[in-house]
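>>> Quick one, what's the 3D model for this:
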Amino acid sequence: MGGYKGYGWATTVELLCTAFQSGPFGEDVCGIDRKTGKPKPMPLGHFFLAIDIEPLCGLDTFKENAGKLVNALRESKKAPNGGGRIFTAGEKEHVARGERFGQGGLTVPVSLQKNMADLRDKQESLKTKYAKLPFEE
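Here you go, the predicted structure:
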């Protein structure tokens, strides 16, 4: 993604994560104070987008098309010195999650458990989907 399309996409993401909230960007979120060389907080902005796929194409069609794209990326020719396989976005995290759950999962701090339950209880859609959270007995 180093070409013009990657540059365009990176700019789009930066706009969505900063312009809507008048947030900092560029040097202001680099994590280093350029004058002192010391670490500084990174006040990152976030943007989330949900797309209802069904009005655009059937869900099964979308999944098939997305699968073809992801498989093509994974099967790309690797650099001569490249090691291992080609991972797509989120795959390493997915593998790590599976490994962690296979070892009994993660401990969720009590304060975070409370926050998660409070959030769930405030949103009707979450009450149904997450009637009982994994750490609730």
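>>> For the residue nearest the centre of the chain, report the pLDDT, please.
Geometric centre of the chain, nearest residue: G90, 7.2 Å, by C-alpha atoms, centre = their mean. On the pLDDT scale, G90 is placed at 89.
>>> quick one, phi/psi of it?
phi 90, psi -10 (degrees, to the nearest 10).
>>> cool, and I32?
phi -130, psi 130.
>>> and it, what does it touch?
38-40 (C-beta atoms under 8 Å, 6 or more residues apart in numbering). (C-beta placed from N, C-alpha, C; glycine too.)
>>> Apply 7 Å and report the result again.
39-40 (C-beta atoms under 7 Å, 6 or more residues apart in numbering).
>>> Please tell me how far it sits from E14.
According to C-beta to C-beta, to the nearest Å, I32 stands 18 Å off from E14.
>>> likewise P41?
18 Å.
>>> out of these two, which sits in the busier spot?
Between P41 and E14, E14 has the larger neighbour count (other C-beta atoms under 10 Å), namely 16 against 7.
>>> Quick check: nearest residue in space to the more buried one, chain neighbours excluded?
Closest residue to E14 in three dimensions, ignoring its sequence neighbours and counting by C-beta to C-beta, 6 or more residues apart in numbering: F25, at 5.8 Å.
>>> One more: A117?
Going by C-beta to C-beta, 6+ apart, A117 has L133 as its nearest residue, at 6.3 Å.
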